[in-house]
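Let me see the structure of the following:
(2 chains)
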Amino acid sequence: MYRTHTCGELRLSDAGKQVTLAGWVQRIRKMGSLNFVDLRDRYGITQLVTDDNGPREVTDILNQLGREYVLQAKGIVAERQSKNSKIPTGDIEIKLSKLTILNPAVTPPFTIEDQTDGGEDLRAKYRYLDLRRNPLKNALMLRHTMALEARKYLDGNNFMEIETPCLIKSTPEGARDFVVPSRMNPGQFYALPQSPQQFKQLLMVAGYDRYFQIVRCFRDEDLRADRQPEFTQIDCEMSFVEREDVLQMFEGLVKHLFKTVLHKDFTAPFLRMPYDEALAHYGSDKPDMRFEMLIHEITKNVQGKGFSVFDSAKYVGAIAVPGCADYSRKQIDELTEWVKRPQVGAKGLIYIKLNTDGSIKSSVDKFYSPEELKNIAEVVEAKENDLILVMCGDKHKTQVALGTTRLEMGNRLGLRDNSIYKPLWVYDFPLLEWDDETQRFYAMHHPFTAPKPEDMDKYYSDDKYGLAEVKANSYDFVLNGTEVGGGSIRIHDSKVQHRMFEILGFTKEQAEYRFGFLMNAFKFGAPPHGGLAFGFDRFCALFGGQDTIRDYIAFPKNNMGRDVMADAPSYIDDVQMKELYITSTAPKQEEK
RNA sequence: GGUGCGGUAGUUCAGUUUGGUUAGAAUACAUGCCUGUCACGCAUGGGGUCACGGGUCCGAGCCCCGUCCGCACCGCCA
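Purely as a prediction, here's the structure:
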């Protein structure tokens, strides 16, 4: 037996016990003939001690040790002379009777401590060492608990976890597929699933009316701090449900996770907001509800006063930034430059300051009387000492730019506190999105999303503008400005589904080739159904109060989609290529 | 595909403004001293392809061009 206890469990009540521990050397402190070793494992740190009265062999071995050596330590649990209240085992230490080096270790390239000296790049290369650190260990522990509690809740509500295949048919709608060549079927490829969407719908046809799966999904798109090429969803689907049933069920899941993982009670129903309102007031389809600073349209209030910039704009909107009337000229200039960056997309910035002495100062004083400016202030719900920021232009673009600015000002004012959680359902998304480049509609969610029943007339009309107004029976779960979940009531009527393919510009043959098996299945009695999928990595990151999902994935990819530890992807040899009937058009690289 | 920031000791960074002798600090590492440390302390020591390639110059870590790599973001992500 390598150990009798872990390095995190011994307490004062264990004093006098003969124990054996195993773990890694966290730190050695030599005080002459009195020597300490902090021994670390997953569960904590226990101090080992030896002095002149201890066995000579122990001291000899102790002199050979370095950081991260793997040890087995035998000894007696003893009360410490001077205790350490910082760690749970701080009242005791192990008086060593025997010390064994199970394995030596080279000095790690960075310190294995909560505040490490290692940079991201280096830690990624030695991920297995980074994972020894508490912050990452705690992140993975949080993830484990989240998954466990999600399973408990769903199991308690009669959901069955069913696995769906990873080698599936490529359906090049939406994100790019990762593809896998098939050796036995020359020239043909599987795709890795972007989500198990079609399979879960088939499970509904099969009568498994409550399905879930914590499942890996793959999308071959560029990465971000919150986007990985392979990521995990809590994927769920239910039969015989309407939107309200789905929202209730998964609001319950989120509340269960809040309670069991973060010990936060959410008794009131989550806020709900139609997509149009989200865009109008927050300039985003995923509003951050932790602070107000709402966007207000002031087009009618500012036009016709001779200011040509506003007069020629389709839309003029504003936000009132609290307590920022004292912004200096320099700060306003800096902000103006900031909003003009492509990432924000505004053409310019007009300000109105509501000074504390009651006066009003703006960059458009020439065109507007103080009375008119006061009117605007009222519309945007500005108070004394507020700074009103005004933008104009195309309606959607300006709303989004105001939304981006709103988030930035929220950041600057410290209004986006990661310990506060404001959940929200956004619903009534447009069903379709027109793409100018390809001159066709795309499904905003996916092509199996049902239109809202009251929009069916428009859905079947050939009017492009009418179609653009059709709302989807879909919903997103948004937490603190991050889209964490999304779903919809699905189409279960093959007539409606065929109309969708028609709108998306598929010929019957194309629809048959891509989705034939699903359409065929629906002929055999598809129940009304709908569901939702949570982005599990993002969910974990939000619960952990972090902006990046990388810490919540044991072995993530870097910005370029590379595994820098294993150095993947990599070239394969010609034999392998030939066997798979594939050739590469990429420039040939010398193998290292 | 694009924008921004960055690449200097094992590691994290300073040095680049205004090119100029031997490139510094902290930490880590090594050695020695130390019986109550727990970020131990003290002393000593070793440690550098200034990312790579080219250019300008009497002279480049520093200026210019290109490449590679990392991070954040835009596009993209049904």
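
Can you get me a residue count around the residue nearest to A:Pro453 when sequence neighbours are not counted?
What sits nearest to A:Pro453 in space, not counting adjacent residues and going by Cβ to Cβ, 6 or more residues apart in numbering, is A:Asn473, at 7.6 Å. No exception for glycine: its C-beta is placed from N, CA and C like everyone else's. As a burial measure, A:Asn473 scores 24 neighbours (other Cβ atoms under 10 Å).

next one: A:Ile92
22.

pLDDT at it, what is it?
We have a pLDDT of 97 for A:Ile92.

That one: what's it in contact with?
The contact partners of A:Ile92, by Cβ atoms under 8 Å, 6 or more residues apart in numbering, come to A:Leu10, A:Arg11, A:Leu12, A:Asp14, A:Ala15, A:Thr46, A:Gln47, A:Val77, A:Ala78, A:Glu79, A:Arg80.

Cross-check the contact I'm expecting between the residue nearest to A:Pro453 and A:Phe448.
No: counting by Cβ atoms under 8 Å, A:Asn473 does not reach A:Phe448; the two are 11.1 Å apart.

tell me, what's touching the two both at once?
A:Ser488.

where does the stretch 451-592 of chain A come near RNA strand B, residue by residue?
A:Asp547, A:Thr548, A:Arg550, A:Asn558, A:Asn559, A:Met560, A:Arg562, A:Val564 (Cβ under 7 Å from any atom of the strand).

how about 10 Å then?
A:472, A:474, A:483, A:486, A:488, A:504, A:533, A:535, A:547-550, A:556-564, A:567 (Cβ under 10 Å from any atom of the strand).

mind listing which of the residues you listed are in strands?
Within those, residues falling in strands by DSSP state E are A:Ser474, A:Glu483, A:Gly486, A:Ser488, A:Ala533, A:Gly535.

what's the longest strand along chain A in contact with?
In chain A, taking DSSP E as the definition, the longest strand is strand A:18-31. Residues outside strand A:18-31 that contact it (Cβ under 8 Å, 6+ apart): A:1-7, A:10, A:35-41, A:45-46, A:48, A:62, A:65-77, A:94, A:102, A:105, A:112, A:132.

Now it: buried residues?
A:Val19, A:Thr20, A:Leu21, A:Ala22, A:Gly23, A:Trp24, A:Val25, A:Gln26, A:Ile28 (16 or more other Cβ atoms under 10 Å).

export those to a markdown table and tack on pLDDT?
Putting the buried residues of strand A:18-31 into a markdown table (pLDDT from 0 to 100) gives the following:
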| residue | pLDDT |
| --- | --- |
| A:Val19 | 98 |
| A:Thr20 | 98 |
| A:Leu21 | 98 |
| A:Ala22 | 98 |
| A:Gly23 | 97 |
| A:Trp24 | 97 |
| A:Val25 | 97 |
| A:Gln26 | 96 |
| A:Ile28 | 95 |
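
For A:Tyr190, give me the backbone phi and psi.
phi -90, psi 160 (degrees, to the nearest 10).

so what's it up against?
If you count contacts by Cβ under 8 Å, 6+ apart, then A:Tyr190 has A:Leu167, A:Ile168, A:Lys169, A:Ser170, A:Val179, A:Val180, A:Ser182 around it.
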